[in-house]
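Chemist: predicted coordinates and the sequence they were generated for:
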Amino acid sequence: MAATRWRTLLAVALVGAALTWYLLRVLVGHGGIVPSVGWLVLPVELIIAMVVLRLGWSVRQYLHGNRPDLDPVRAARTAVLAKAACYTGALLLGFYGGTVLALVTDLSVPGNGGRAGAAGLAAAGALVMAVVGLVVERFCRIPPPSDGQQEKAGSAEPGPVAG
């Protein structure tokens, strides 16, 4: 699995913000209103980020020799969860960032300032989730084998072949 690049996540967030802003502008142009962001969004994003960080920390501790054992399937699932957190955070950052742009560009409507603040907090939580995903993905990297380990692996003779 290739490491996630922050530039890719930035591109996802920017494209998501542009699309969201455009679609919300079209919605408002046709007489609709920009939906408000619920108060639970930020706590849920932060809880997800904390869970991903906790799982990643246990993998990091194992790789640094501070934890005696770790199920390899759990470590692989943690790496996949970290990648999912990266992309989910970037998508949500784009969505809530576009919502903020749509609300800020129309502050003449009563209540848009408060809704823009709520969307801004949700965007900040999404940014935290994306950054935590990147960090945990780095925690899950297996270091390359040392020279001594490569020599042992290369000098091992194959066993008998069952025929």
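Modeler: Thanks, I have it.

Chemist: tell me where the protein has helices.
Modeler: Using DSSP state H, the helices assigned to the chain run over residues 6-29, 41-63, 72-104, 112-139, 147-155.

Chemist: pull the contacting residues for the closest residue to L46 other than its chain neighbours.
Modeler: Using C-beta to C-beta, 6 or more residues apart in numbering and skipping residues adjacent in sequence, the residue nearest L46 is G125, 5.7 Å away. Bear in mind the C-beta positions are built from the backbone N, C-alpha and C, glycine included. Neighbour list for G125: 41-42, 45-46, 49, 92 [criterion: C-beta atoms under 8 Å, 6 or more residues apart in numbering].

Chemist: and which of those is nearest A119?
Modeler: In terms of C-beta to C-beta, no member of these lies closer to A119 than V41, at 8.8 Å.

Chemist: gap between the nearest residue to the closest one once chain neighbours are set aside and R25?
Modeler: Take V41 and drop its neighbours on the chain: the residue closest to it by C-beta to C-beta, 6+ apart is A122, 4.3 Å away. Per C-beta to C-beta, to the nearest Å, A122 is found 19 Å from R25.

Chemist: of those two, who's got more company?
Modeler: Counting neighbours by other C-beta atoms under 10 Å for A122 and for R25 shows that A122 has the greater number, 25 against 16.

Chemist: I'd say the more buried one and L42 touch.
Modeler: Yes. Under the contact definition of C-beta atoms under 8 Å, A122 touches L42, with a separation of 5.7 Å.

Chemist: state the distance from the nearest residue to C140 once chain neighbours are set aside to R138.
Modeler: Residue nearest to C140 in three dimensions, not counting chain neighbours: A79, with 3.9 Å by C-beta to C-beta, 6+ apart. Going from A79 to R138 by C-beta to C-beta gives 10 Å.

Chemist: one more: R77?
Modeler: Using C-beta to C-beta, R77 is found at 17 Å from R138.

Chemist: residue contacts, W57?
Modeler: W57 is in contact with F139, counting by C-beta under 8 Å, 6+ apart.

Chemist: tell me which residues of stretch 76-95 come out buried.
Modeler: Of the residues in stretch 76-95, those buried under the neighbour-count criterion (16 or more other C-beta atoms under 10 Å) are 78-79, 81-83, 85-95.
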